[in-house]
Structures are given as C-alpha cells and as structure tokens.
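Participant: Could you work out the structure for the sequence below:
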Amino acid sequence: MLCLCCSQIVLLFLLLKGVENSDAQKVCGHPKVHSSRIVGGKRAEEGEWPWQVSIRENRLHVCGGSLISSQWVVTAAHCFNGPLVASKYRVHLGEYELPKPASTMVSSAISLIVVHPYYAGVGLSADIALVKLEEPVIFSRTILPICLSTVADPEPFPVGMMCWVTGWGDLYPDASFVTRTLQKLEMPILDVDKCDEMYHNDSSSSDIDTEVLPKDYKLIYDDMICAGYPEGKKDSCQGDSGGPLACKLNGTWFLAGIVSFGVGCSEPNRPGVYTRVTSYTDWIQHTIEKNSVSNDGVPHASGIPVVFVLIFLLSTFHVSAVDL
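Facilitator: Numbering: from 1, shown residues only. Below you'll find the model as predicted:
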C-alpha cells in the first residue's frame with residue numbers, strides 16, 4: 001500500500017501553496033515594456049502597466065484593478081454595488097484598447113469577491129476589495145503582477161514622490177464615457193494633512209459645504225493617500241476607480257494606492273484620493289491565505305503542472321507489502 005509520512009504531507013502542502021507566491025514575487029513590478037480615471041494624462045504603451053486589469057459588469061468596463069498574484073486582483077470596494085454576485089463580473093487581463101481586445105488579452109471569470117468588512121461607503125475608510133480569479137492566469141509580456149510593499153518603513157512612499165496612475169477613465173472633466181486606450185498620468189504624493197485642509201477650503205467646486213463642518217472634522221483619513229496637483233488640471237476620473245497608483249522604488253514598481261474618490265475631476269484643491277495599500281497589507285495576506293484552500297480542504301496547485309505534482313508524489317511515496 002502507499003504510505004505518506006507527516007513531514008511529506010507538510011512538504012507537499014507547502015509546495016502547492018507556496019509556488020504561486022514565490023513566482024509572483026520573482027516577477028512582480030518588472031514590466032517587459034518600458035516607455036518614456038485620467039485627465040491631462042497621455043496614452044500608455046501596450047504592456048507598460050501589465051498589472052492593470054479591467055473589471056467588467058455585463059460586459060461593460062466599470063472599474064480598474066491591479067493583479068497582485070496569478071489568481072488575485074485588488075480593487076476598490078465601491079466598485080461593487082448590492083449583493084456580491086461573482087458571476088455578474090469578469091476580469092480582463094492584458095487589456096489595452098477596450099473596443100479592440102488584443103490576442104493576448106485574457107478574460108477570466110471570478111470565483112470570489114471579498115470587500116473589506118470595515119467599508120461603509122464612498123469617501124470613507126477601507127475602500128478596498130479582493131477579487132479571486134476562477135483559475136490562475138499565466139504570466140506574459142502583457143500580464144504581470146505588481147508588488148506589495150513589505151519594507152519595515154511604515155511609509156515607503158514619501159510626500160513629493162512622483163508616482164503614476166493608470167486607467168481608462170474620462171479624458172476630460174465633463175466627459176461621460178471611458179477612453180478607448182489605456183492612459184497614464186504622473187503626479188506627486190501629497191501630505192495627508194494638507195490634502196485634508198484643501199478639501200476643507202473653498203474652491204471652484206461647490207461640492208462640500210465646508211462652513212457646516214467642524215474645523216477638526218477629518219475628510220481625509222490616515223488610510224488614504226492623496227496625489228495630484230493643488231491647481232487641478234490633471235487627475236484620475238470616472239472609470240479609473242479601483243485602478244493602481246504605482247510608485248517605483250529601486251527599479252521595482254509597487255502598489256501604493258487604489259483609486260478611491262475625488263470631487264469632480266481635476267478640480268482645484270480637490271486632488272485624487274487613494275486607498276493606502278500599506279494600511280491593508282496584513283488584511284490582503286490574511287484574506288488570500290484564508291481562501292487558498294478549496295471547500296473540500298484540498299489546497300489548489302496554483303498553476304503547477306500536474307505532471308510535476310505526480311513526479312513529487314511518486315518520488316516521496318513508499319510502497320510496502322501488507323499481509324492479506
């Protein structure tokens with residue numbers, strides 16, 4: 001009969017569970033293409049931002065998102081309204097021009113949507129959600145994950161750092177349709193307290209009645225990042241929600257923020273507000289680990305070819321004779 005010792009079972013579990021993470025860590029944040037919601041931005045190159053995904057509801061682009069492993073996408077919680085019915089949505093990976101899907105584009109069904117339990121509405125904290133693809137995706141020139149920061153520094157993305165936001169959002173503030181081609185925009189990280197002050201100040205927008213708010217009432221929380229220009233003109237916009245704010249550290253791209261909200265598009269004193277990803281790294285890791293085992297308790301192979309698993313099993317099993 002076949003006998004498998006406990007240590008071999010543990011080793012097999014770790015092999016199946018760990019390959020996806022190790023593979024993603026090796027390739028994350030390093031696009032193969034390099035180039036010299038977006039208002040005032042410019043067209044990206046195909047494959048320049050390979051972690052950018054398009055989340056579709058009934059075939060229509062509703063939000064962006066970021067691939068962080070072969071089977072997980074992070075996006076904004078406000079992208080999902082009402083009951084979380086995964087079958088209503090799909091994720092397009094390797095997307096570039098929305099009306100003309102490239103031959104390298106992969107359309108994936110969704111098996112699970114996890115909205116952060118503390119999310120309470122647009123403009124509030126915890127605007128983050130995780131989406132699990134039905135099957136692991138194969139990495140390619142146009143499909144690669146972005147890295148999550150694991151450095152000890154609690155704030156690896158300092159004020160003034162230039163980062164990039166990408167998406168298919170409106171090109172102009174008064175537009176009501178998404179752009180056809182993926183756009184990119186470079187913008188600086190802003191001080192959170194100054195950003196909060198800007199949102200309290202009067203501007204050309206009549207969006208917030210600042211006179212009725214107490215002076216110490218915070219509009220921008222510590223789990224948020226602001227990026228943009230105080231004078232406006234350049235910003236993320238409708239259609240960019242859930243997409244990445246990507247920052248480059250030592251040659252590697254990291255996910256610093258998730259497009260969350262703003263008032264209008266490119267309004268003065270109304271910079272874009274993003275969910276601060278470093279505030280939710282532990283939740284992301286815990287959620288992925290919690291959902292890495294199927295309902296029957298069997299860990300998924302995360303894209304490992306079955307033949308390799310069989311070779312491992314045959315090399316570790318011991319066959320022994322038993323008396324009948």
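Participant: which intervals of the protein have sub-threshold pLDDT?
Facilitator: Counting by pLDDT under 70, the chain contains low-confidence ranges at 1-25, 34-41, 151-154, 170-179, 202-215, 232-239, 263-268, 293-324.
Participant: quick one, helices of it?
Facilitator: Taking DSSP state H to define them, one finds helices in the chain at 6-27, 192-200, 281-290, 306-316.
Participant: Quick check: nearest residue in space to residue 30, chain neighbours excluded?
Facilitator: Counting by CB to CB, 6 or more residues apart in numbering, residue 252 is the residue found nearest to residue 30 once chain neighbours are left out, at 6.5 Å. The C-beta positions use only the backbone N, C-alpha and C, and glycine is treated the same way.
Participant: looking at it, that neighbour is touching residue 29, isn't it?
Facilitator: Yes: if you go by CB atoms under 8 Å, residue 252 and residue 29 touch, sitting 4.0 Å apart.
Participant: Looking at those two, which has the bigger crowd around it?
Facilitator: Residue environment comparison for residue 252 versus residue 29 gives the larger neighbour count to residue 29, 23 against 13, counting by other CB atoms under 10 Å.
Participant: about what we covered before: separation between the residue nearest to residue 30 and residue 270?
Facilitator: Spatial separation of residue 252 from residue 270 under the definition CB to CB, to the nearest Å is 31 Å.
Participant: Does residue 184 touch residue 52 like I think?
Facilitator: No: counting by CB under 8 Å, no contact exists between residue 184 and residue 52, whose distance comes to 9.4 Å.
Participant: Can you check which residues contact both of the two?
Facilitator: residue 166 (CB atoms under 8 Å, 6 or more residues apart in numbering).
Participant: what's near enough to touch the closest residue to residue 90 other than its chain neighbours?
Facilitator: Take residue 90 and drop its neighbours on the chain: the residue closest to it by CB to CB, 6+ apart is residue 56, 4.7 Å away. Applying CB under 8 Å, 6+ apart, we find residue 56 in contact with 62, 89, 90, 91, 92.
Participant: Kindly recompute the last result at 7 Å.
Facilitator: For residue 56, the contact set (CB atoms under 7 Å, 6 or more residues apart in numbering) comprises 62, 89, 90, 92.
Participant: If the second one is in a bridge, with which residues?
Facilitator: When bridges are called by DSSP bridges, residue 89 pairs up with residue 57.
Participant: How many residues are close by it?
Facilitator: If you count neighbours by other CB under 10 Å, residue 89 ends up with 20.
Participant: ok, now which ones touch it?
Facilitator: With contact taken as CB under 7 Å, 6+ apart, residue 89 is in contact with 55, 56, 57, 110.
Participant: CSV please, covering those and showing distance to residue 285.
Facilitator: Putting the contacts of residue 89 into CSV (distance: CB to CB, whole Å) gives the following:
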residue, distance to residue 285
55, 22
56, 27
57, 27
110, 20
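Participant: What subset of the residues you listed is buried?
Facilitator: 55, 56, 110 (16 or more other CB atoms under 10 Å).
Participant: one step back: quick one, which of residue 184 and residue 52 is more surrounded?
Facilitator: Set side by side, residue 184 and residue 52 show more neighbours around residue 52, with 27 against 19, by other CB under 10 Å.
Participant: ok, and the closest non-adjacent residue to the more buried one?
Facilitator: In space, not counting the residues next to it along the chain, residue 52 is nearest to residue 166; the distance is 5.3 Å by CB to CB, 6+ apart.
Participant: Brilliant, that's me finished.
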